[in-house]
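> Dropping a prediction and its sequence here:
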Amino acid sequence: MSVTALRTNAGMDHGSERVDLAAAFRLAAQMDWHEAVGNHFSLAVSDDGKKFLLNPRWRLFSTIRASELILVDSDDADTMNRVDAPDPSAWCIHGHLHRFLPGARCILHVHPPYGTALATLADPTIYPIDQVTAKFYNRVAIDRDFAGIADFSAEGERLARSLGTHRHVILGNHGLLCTGNTVAETFDALYFLERAARTMVLAYSTGQPLKMLSPEIAERTALGWEDYGSAAFCHFAELKRVLDVTDPSYAT
């Protein structure tokens with residue numbers, strides 16, 4: 001039995017969910033998506049999506065363990081009065097998204113280098129210029145109304161609306177936010193969204209015009225990605241397998 005499986009069965013409430021989310025933090029740190037002790041990941045563990053796991057206040061992603069994730073309820077008005085109260089912006093963003101978007105079971109929000117650079121442009125659109133950028137063709141919302149650090153209720157509600165019918169959003173002048181049904185699917189989406197942003201930034205850096213795919217080819221490519229949905233679970237499982245060898249403490 002793998003280290004992950006052993007830890008998952010160690011008696012923790014929501015053990016498998018905790019292990020997956022803890023792995024996402026460690027992997028995000030390895031990929032340089034983290035920013036000091038800010039940024040936040042969450043995962044719903046109740047049927048209505050309102051009870052969710054969240055990283056503890058002001059901890060490095062690279063040190064977070066499964067058992068240390070806090071369990072909060074988006075309907076609990078006293079959450080910020082708890083001894084282990086989360087970061088105010090984490091509560092604002094994730095609390096509102098889990099309250100208003102029950103389908104967003106997992107929410108990963110970071111300020112990664114290329115996604116953030118793209119988000120600062122007047123036009124942060126991810127254009128279909130290769131098969132990775134085409135994965136997000138007409139499938140990413142863009143929020144153009146940055147209002148400062150998201151630590152007040154109205155901003156949390158606005159960010160919840162910003163997703164619209166999409167699962168992912170480029171937060172203008174801010175960063176990236178991905179949602180999904182599971183940690184594996186959401187992490188995989190974030191991985192490719194940051195890579196798509198990298199391709200855009202590098203292409204722009206040449207100063208040459210972009211050669212875009214036709215709308216028909218772009219849509220066909222995006223639909224083609226959907227046929228490989230199970231690859232997200234294999235991708236995440238492989239990443240966890242490496243963690244089990246290099247630093248299994250994430251699962252404790």
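Perfect, thanks for sending it. Numbers count the residues shown, from 1 in each chain.
> What segments of the stretch 1-150 of the chain are strands?
Counting by DSSP state E, counting those that start in this stretch, the stretch 1-150 of the chain has these strands, from start to end: 40-44, 51-54, 70-73, 106-110, 140-143.
> mind listing what Asp247 touches?
Going by CB atoms under 8 Å, 6 or more residues apart in numbering, Asp247 touches Arg26. (C-beta placed from N, C-alpha, C; glycine too.)
> and it, how far is that from Leu53?
Asp247 is 20 Å from Leu53, where distance means CB to CB, to the nearest Å.
> re the thing from before, could you export the strands of the stretch 1-150 of the chain as TSV, including mean neighbour count?
Listed next are the strands of the stretch 1-150 of the chain as TSV, based on neighbours: other CB atoms under 10 Å:
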stretch	mean neighbour count
strand 40-44	25
strand 51-54	23
strand 70-73	18
strand 106-110	25
strand 140-143	18
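> can you redo the ones you listed as TSV with distance to Ala251 and mean pLDDT?
What follows is those, written out as TSV (distance: least, CB to CB, whole Å; pLDDT from 0 to 100):
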stretch	distance to Ala251	mean pLDDT
strand 40-44	15	98
strand 51-54	14	98
strand 70-73	17	97
strand 106-110	18	98
strand 140-143	32	97
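> Just put the ones you listed in a markdown table and tack on distance to Gly207.
Formatted as a markdown table, those follow (distance: least, CB to CB, whole Å):
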| stretch | distance to Gly207 |
| --- | --- |
| strand 40-44 | 36 |
| strand 51-54 | 42 |
| strand 70-73 | 47 |
| strand 106-110 | 28 |
| strand 140-143 | 24 |
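> Specify the stretch among those strands that is closest to Pro215.
strand 140-143 (15.7 Å; CB to CB).
> so what strands line up beside the closest one?
Partners of strand 140-143 in the sheet, by DSSP bridges, are strand 168-171 (parallel).
> Just checking, which helix or strand succeeds the partner strand along the chain?
strand 175-180 (DSSP states H and E).
> Which strands or helices does that next one pack on?
Judged by 3 or more CB pairs under 8 Å, 6 or more residues apart in numbering; DSSP states H and E, the packing partners of strand 175-180 are strand 106-110, helix 113-119, strand 168-171, helix 183-205.
> Would you tell me which one of these is buried the most?
Highest mean neighbour count of the helices and strands packed on strand 175-180: strand 106-110, a mean of 25 (counted as mean count of other CB atoms under 10 Å).
> how about Leu53, what does it touch?
His14, Glu17, Arg18, Leu21, Ser42, Leu43, Val45, Leu69, Ile70, Leu71.
> number of nearby residues for the fourth one?
Using other CB atoms under 10 Å, the number of residues around Leu21 comes to 27.
> center of the chain, which residue is that?
Leu108 (2.0 Å; CA atoms, centre = their mean).
> and that one, what does it touch?
Contact analysis of Leu108 by CB under 8 Å, 6+ apart lists Ala24, Ala28, Phe41, Leu177, Cys178, Thr179, Thr186, Phe187, Leu190.
> wait, doesn't the second one sit right on Val110?
Yes. Here Ala28 reaches Val110: they are 6.2 Å apart, a contact under CB atoms under 8 Å.
> Identify the contacts common to these two.
With CB under 8 Å, 6+ apart, Ala28 and Val110 have common neighbours His34, Asn39.
> one step back: closest to Ser230 out of the strands of the stretch 1-150 of the chain?
Nearest of the strands of the stretch 1-150 of the chain to Ser230, taken as CB to CB: strand 106-110 at 16.9 Å.
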